[in-house]
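Engineer: when you get a sec, could you give me coordinates for this:
(chains A and B)
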Amino acid sequence: MTDPTTRARPLSPHIQIYRWTLTMMLSILHRATGVALYAGTVLLAWWLLAAATGPEAYAQVQAVSSAWYGRLVLFGYSWALFHHMFGGLRHFIWDTGRGFDLKHVEIIARLTSIVPLFLTAGVWVAAYAYLGAF
Amino acid sequence: MSDMRTPLSRVRGLGSAKKGTEPFFMQRVTALANIPLTLFLVGALVVHAGSDYATMTAFLGNPFIGLLMLLLIVSAVYHMRLGLQVVIEDYVHGEAAKLLALIANQFFAFTIGVACVLAVLKLVIG
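Structural biologist: Here you go, the predicted model:
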């Protein structure tokens, strides 16, 4: 028995060879949003530390969060949060051993990609309502 | 080639590490906790979208709000640390790079966690 790592092993084809599917995209997006939310905790820490530090530090947070680029980041943040949450709910269904047949996989995939978009839109309409935009 | 044994035969008989399912289980426990806790934070941020410094610090200084914030921080940081560990193990193949990335993940998660906890404690106890 030789060391298995020294011999060139056959590899399975990588993603570009397959037809693009919704479930595949959701699997990648679940990871991507997870990593993005990981990085986003820097903003959560900045917000909390600024609030604990004082009015000047908090004013900096408010300046960035009310600027167009800050709003864009927060919009993406909120969508990533809902998308990752619904991806997690999808995994909870699978953890019970249910929803693995193609029909349900497709239904659940569609729901978990569309519902977070509406929730994100709803949250921002509500936020702008509290800001007195309407 | 000094060792002719397979990796499997080297570990066979040593017994399991006993903790194999713990990260898997905790990933789901923290995921479950994150649902109501993040909904609380998003809701609070929506309601306080236009709040000034005094209103916001008064809100965050409430012990009940502080409790929810602390639970959220602990659960979210635990969850993201486990999540990124899986991502690193999947994509970083060099042994040294993988080890460094895994350590960096621990440092980042603990730093963010402690920073947020410190801030919330100051806002509540202040």
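Engineer: which parts of chain B sit against chain A?
Structural biologist: With CB under 8 Å from any CB of the partner chain as the criterion, chain B comes near chain A at residues B:1, B:4-7, B:28, B:31-32, B:34-35, B:38, B:42, B:45-50, B:53, B:56-57, B:60, B:69, B:73, B:76-77, B:80, B:83-84, B:87, B:112, B:115-116, B:118-120, B:122-123, B:126. To be clear about C-beta, it is placed using only N, CA and C from the backbone, and glycine gets the same treatment.
Engineer: how about residue B:73: what's its closest non-neighbour residue?
Structural biologist: residue B:116 (4.4 Å; CB to CB, 6 or more residues apart in numbering or on different chains).
Engineer: residues of the helix or strand hosting that neighbour that come out buried?
Structural biologist: Here residue B:116, judged by DSSP states H and E, is contained in helix B:95-125. Going by neighbour count (16 or more other CB atoms under 10 Å in any protein chain shown), the buried part of helix B:95-125 is B:101, B:105, B:108-109, B:112-113, B:115-117, B:119-120, B:122-124.
Engineer: and the residue of chain B that's closest to chain A?
Structural biologist: Closest contact between chain B and chain A, by CB to the nearest CB, is at residue B:119 (3.7 Å).
Engineer: enumerate the residues of chain A near chain B.
Structural biologist: Going by CB under 8 Å from any CB, the residues of chain A near chain B are A:1-4, A:31, A:34-35, A:37-38, A:41-42, A:44-45, A:48-49, A:51-52, A:55, A:58-59, A:62, A:78, A:81, A:85, A:88-89, A:91-92, A:95, A:123, A:126-128, A:130-132.
Engineer: the same query, at a cut-off of 6 Å, please.
Structural biologist: Contact residues (CB under 6 Å from any CB of the partner chain) of chain A with chain B: A:1, A:34, A:38, A:41, A:45, A:48-49, A:51-52, A:55, A:58, A:88, A:123, A:126-127, A:130-131.
Engineer: what residue ranges in the chain score low on pLDDT?
Structural biologist: Just so you know, I chose chain A. Low-confidence segments of chain A, defined by pLDDT under 70: A:1-6.
Engineer: chain B, not that one
Structural biologist: Counting by pLDDT under 70, chain B contains low-confidence residues at B:1-2.
Engineer: tell me where the chain has helices.
Structural biologist: Here I'm looking at chain A. A:22-53, A:55-66, A:68-95, A:102-130 (DSSP state H).
Engineer: nope, chain B please
Structural biologist: Using DSSP H, helices in chain B cover B:7-11, B:22-47, B:53-60, B:63-91, B:95-125.
Engineer: can you lay out the buried residues of helix B:95-125 as a markdown table showing distance to residue B:17?
Structural biologist: Listed next are the buried residues of helix B:95-125 as a markdown table, based on distance: CB to CB, whole Å:
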| residue | distance to residue B:17 |
| --- | --- |
| B:101 | 21 |
| B:105 | 20 |
| B:108 | 25 |
| B:109 | 22 |
| B:112 | 28 |
| B:113 | 25 |
| B:115 | 32 |
| B:116 | 31 |
| B:117 | 30 |
| B:119 | 36 |
| B:120 | 35 |
| B:122 | 40 |
| B:123 | 40 |
| B:124 | 39 |
